[in-house]
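Trainee: What shape does this take:
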Amino acid sequence: MRQAIIFRGEDGFWVAECPSLPGCISQGETREEVVQNIREAIQLYIETLEEDGLDVPDELFETFVIAV
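Mentor: Numbers count the residues shown, from 1 in each chain. Modelled structure (predicted):
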């Protein structure tokens, strides 16, 4: 299980990133699309690390929403 952050990009597309996997970022036109895309990106990222014999980073992040 991995945490992902999703937000609207400057171009109006949804952007998703997985903080525990540096550089694992995706985008989509809708929230549903970006969730599916980041899910696939996370799977491929981890598969690639494993194929290359590299350690898969632990999920160490916690997220909070802070209203100001």
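
Trainee: Show me how far the helix or strand hosting residue 27 is from its chain's centre.
Mentor: Using DSSP states H and E, the secondary-structure element containing residue 27 is strand 25-28. Between the centre of strand 25-28 and the centre of its host chain there is 8 Å, according to C-alpha atoms, centre = their mean, to the nearest Å.

Trainee: and the next helix or strand after it, what other elements does it pack with?
Mentor: Remark: after strand 25-28, the chain's next helix or strand is helix 31-51, criterion DSSP H and E. Of the remaining helices and strands, those touching helix 31-51 by 3 or more C-beta pairs under 8 Å, 6 or more residues apart in numbering; DSSP states H and E are strand 5-8, strand 14-17, strand 25-28. Bear in mind the C-beta positions are built from the backbone N, C-alpha and C, glycine included.

Trainee: Residues in contact with helix 31-51: which ones?
Mentor: Counting by C-beta atoms under 8 Å, 6 or more residues apart in numbering, helix 31-51 makes contact with 2, 4, 6, 13-18, 21, 24-28, 55-56, all of which sit outside it.

Trainee: tell me which residues in that helix are buried?
Mentor: Residues of helix 31-51 classed as buried: 34-35, 37-38, 41-42, 45-46 (neighbour count, 16 or more other C-beta atoms under 10 Å).
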